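S.K.: Take this sequence and fold it.
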Amino acid sequence: MTTISDRSVRNGKYPPRTDRLANNYRNNNMPPNKIPTLTVWLLVSSSLSAAPTSETLPEEPSSVMPFLVFGVAAIVVGVLLITGLTLWSRKQDEITNMMYFCIDSLINTRNKTKRYRAAKELGRTKNPGALLVLIDVINDESAEEGIRKAAGDALLEMSQKYRRFKRVIRELLAATEDKDHERVVELLKTHFEHEEKEYVQSAYVIGRELVRLKKYADAREWLRIAEVRNRKFPMYVDQIRALTAKCNRHLCAEGDMAFKAGDFHLANERFALAAHGLSLEVSNQFAYYLRAACVYCKLEEFENASQAILQALHHDQETDTALELNKLVNKLLNLVRDNAQAKEEHQNLSNELDRFVNQTMDSLSTRHSQIR
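M.R.: Sure thing, here's the model as predicted:
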């Protein structure tokens, strides 16, 4: 049965319903956030209004409607989800950037007001990186007492909101108060070094605590880890470099003491560890290759000693001393001990080399102690 409104539409007396709705939208300036709802409603209304005219067709077009409505609804929901995720992602980026700005201000800025403000803002976050920075500050004995107190207050505020690390924060604060460096290292390793995400702050603080414990070999390794992690967001460049240099000086001193005590394998290990990753300038300052050559001479590994001497000459490390040592080592290498006289000559040459090596190491050790 055809209704009056349908005949009016076909006779042109009234415009189709979709046109009337579109005109109403333009006239009433409908807000943009109503568009997805309007689109679905228009499609459903248009299909319903067209249904009576298609009753004579043998097919059932109404069976297509659920799929059409579902498709449109899925598109609208997808658009809304994408928009929401985009806005959320931007918000997270803003929060992350602000956090790193506060971290950088707290670590590298000398302005007291900015540092106090940065500490307070970090205390309001729920982020392990911010937590570790505040731990770094309260454990930094060179920092001003006021800054350390501000960081401690920020940690207490964070512990009220960040339940996941509430107990850890309390334990770290207690260990810092007691100057229990081993406990600080243990807590940081347990709670922050087994996460999927790696933090430069934890590796750096562990390294610094190990320096205070005079475990320079272990500290050097953790500082190396911190240096690698620091490449993404370089915040601890100067701090890592300063602590690494301190470790290298002590490792070199430990090598010198091991050499004097006759533990040449330990001396070689300490010298090699100190030299790992050194710049050419610092390596020349400590005359690493010449030290290594002296150790190899004591171990009677003259081929290795010869190679180390060549490196020392190549890098201009104590050139005169290296040339004299090279002469003695080459004589030993070329000496054929096939008779009694040659054996005696070899013994005399070995004694001369031993005296020269001891004299060289004494000179290097004395100079190194003055540098420290």
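S.K.: which SS state does residue 142 fall under?
M.R.: Residue 142 carries the three-state label coil when classified by DSSP: H, G, I helix; E, B strand; the rest coil.
S.K.: The closest residue to residue 214 other than its chain neighbours: neighbour count?
M.R.: Excluding the flanking residues, the one nearest residue 214 by Cβ to Cβ, 6 or more residues apart in numbering is residue 250, at 7.5 Å. No exception for glycine: its C-beta is placed from N, CA and C like everyone else's. By other Cβ atoms under 10 Å, 20 other residues sit near residue 250.
S.K.: Next, the buried residues of the helix or strand that contains residue 250.
M.R.: In this structure, residue 250 sits in helix 237-260 according to DSSP states H and E. Residues 239-240, 243-244, 246-256, 258-259 are the ones in helix 237-260 that count as buried (16 or more other Cβ atoms under 10 Å).
S.K.: ok, residues contacting that helix?
M.R.: 107-108, 204, 207-208, 211, 214, 216-217, 219-220, 223-224, 226-227, 230, 264, 266-271, 273-274, 277-278, 282, 286, 291, 294-295, 298, 361, 364-365, 368-369, 371-372 (Cβ atoms under 8 Å, 6 or more residues apart in numbering).
S.K.: Can you flag the buried ones in those?
M.R.: Counted by 16+ other Cβ under 10 Å, those give 107, 204, 207-208, 211, 216, 219-220, 223-224, 226-227, 230, 264, 266-271, 273-274, 278, 282, 286, 291, 294-295, 298, 361, 364-365, 368 as buried.
S.K.: Let's see which of those end up in strands.
M.R.: Using DSSP state E to define strands, no part of the buried ones among the contacts of helix 237-260 is located there.
S.K.: Can you flag which of these belong to helices?
M.R.: 107, 204, 207-208, 211, 216, 219-220, 223-224, 226-227, 264, 266-271, 273-274, 282, 286, 291, 294-295, 298, 361, 364-365, 368 (DSSP state H).
S.K.: shaky segments in the stretch 1-150 of the chain?
M.R.: For the stretch 1-150 of the chain, the stretches flagged by pLDDT under 70 are 1-64, 84-108.
S.K.: again with the stretch 251-372 of the chain
M.R.: Using pLDDT under 70, the flagged stretches of the stretch 251-372 of the chain are 277, 336-340, 368-372.
S.K.: 90 instead?
M.R.: In the predicted model of the stretch 251-372 of the chain, residues 272-288, 315-317, 331-348, 364-372 satisfy pLDDT under 90.
S.K.: Show me where the stretch 51-200 of the chain has its helices.
M.R.: 65-108, 112-123, 128-139, 145-161, 166-177, 181-192, 200-212 (DSSP state H, counting those that start in this stretch).
S.K.: what is the mean pLDDT for the last one?
M.R.: Mean pLDDT, computed over helix 200-212, is 93.
S.K.: just use 23 as the starting number from now, easier for me
M.R.: Okay, residue one is now 23; in that scheme the one you just asked about reads as helix 222-234.
S.K.: quick check: angle from it to helix 259-282?
M.R.: Here the directions of helix 222-234 and helix 259-282 differ by 30 degrees (axes from the mean of the first three to the mean of the last three Cα atoms, to 10 degrees).
S.K.: what's the distance between helix 222-234 and the middle of its chain?
M.R.: 13 Å (Cα atoms, centre = their mean, to the nearest Å).
S.K.: Does anything pack onto it? Which helices or strands?
M.R.: Applying 3 or more Cβ pairs under 8 Å, 6 or more residues apart in numbering; DSSP states H and E, one finds that helix 222-234 contacts helix 150-161, helix 203-214, helix 238-251, helix 259-282.
S.K.: Please produce a markdown table containing those helices, extended by distance to residue 324.
M.R.: Shown next, in a markdown table, are the helices and strands packed on helix 222-234 (distance: least, Cβ to Cβ, whole Å):
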| stretch | distance to residue 324 |
| --- | --- |
| helix 150-161 | 48 |
| helix 203-214 | 42 |
| helix 238-251 | 28 |
| helix 259-282 | 17 |
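S.K.: Relative to residue 322, how far out is residue 344?
M.R.: Residue 344 sits 19 Å away from residue 322, going by Cβ to Cβ, to the nearest Å.
S.K.: Between these two, point out the one with more neighbours.
M.R.: A direct count of neighbours by other Cβ under 10 Å for residue 344 and residue 322 places residue 344 higher, at 24 against 12.
S.K.: so what's that one up against?
M.R.: Applying Cβ under 8 Å, 6+ apart, we find residue 344 in contact with 312, 315, 331, 334-335.
S.K.: ok, of those residues, which one's closest to residue 357?
M.R.: Proximity of the contacts of residue 344 to residue 357 (Cβ to Cβ) peaks at residue 331, which lies at 17.1 Å.
S.K.: Which of the three states applies to that closest one?
M.R.: Under three-state DSSP, residue 331 falls in the helix class.
S.K.: burial measure for it, as a count.
M.R.: Using other Cβ under 10 Å, residue 331 is surrounded by 28 other residues.
S.K.: Hmm, residue 315 and it touching each other?
M.R.: Yes. Counting by Cβ atoms under 8 Å, residue 315 is a contact partner of residue 331 at 4.7 Å.
S.K.: Find the residues that touch each one of those two.
M.R.: Residues touching both residue 331 and residue 315 (Cβ under 8 Å, 6+ apart) are 344, 347, 351.
S.K.: Secondary structure for those residues - can I get that in JSON lines?
M.R.: Shown next, in JSON lines, are those (three-state DSSP):
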{"residue": "344", "secondary structure": "helix"}
{"residue": "347", "secondary structure": "helix"}
{"residue": "351", "secondary structure": "helix"}
